[in-house]
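Peer 1: for reference, the sequence and a predicted model appear below.
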Amino acid sequence: MTDTSEAQLAKLEAEHKKRMDALKEVEAQLAAIRAANRDAKLVELKKQIADYGFTAIDLFGTTSTKSKSAKPTKAKTDLIVKYRDENGNTWHGGKGPNPKWVKAIKDAGGDIEKYRVSN
């Protein structure tokens with residue numbers, strides 16, 4: 001019985017090695033394709049981020065501070081949404097430049113108050 005178990009074990013170990021080698025080959029191919037397409041994908045993503053006016057908070061949920069001694073500030077995610085368009089873009093109506101979608105509405109002569117969210 002031991003011989004059969006050892007033979008089965010050897011067979012399974014050989015199959016495992018074969019599959020691991022195949023997996024390593026596929027992973028290497030995948031890494032090469034990603035590397036070849038990385039620059040073009042980065043350009044595409046940056047354009048989409050700019051087109052939709054995403055912020056770091058929109059994309060990653062929090063902001064990072066370069067210095068641990070930096071004064072903590074209220075995250076934008078904690079702000080109350082005051083305006084929302086039909087595409088789901090939001091704005092809290094605070095200080096700073098208007099988001100692109102708000103600016104486009106104002107530039108077209110539209111009334112931003114039509115997009116006010118009732119809280």
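Peer 2: Thanks, I have the structure now.

Peer 1: could you chop this structure up by domain?
Peer 2: Using automatic domain parsing, the domain parsing of the chain gives 2-52, 68-115.

Peer 1: and Gly61, which of those domains is closest to it?
Peer 2: domain 68-115 (6.9 Å; CB to CB). (Each C-beta comes from the backbone N, C-alpha and C, glycine too.)

Peer 1: how far out from the middle of the chain is the closest one?
Peer 2: Centroid separation between domain 68-115 and its chain, computed with CA atoms, centre = their mean, to the nearest Å, is 20 Å.

Peer 1: for this protein, give me the ranges with low pLDDT.
Peer 2: Within the chain, the segments meeting pLDDT under 70 span 1-3, 63-77, 119.

Peer 1: and the strands in it?
Peer 2: For the chain, applying DSSP state E gives strands covering 83-84, 90-91.
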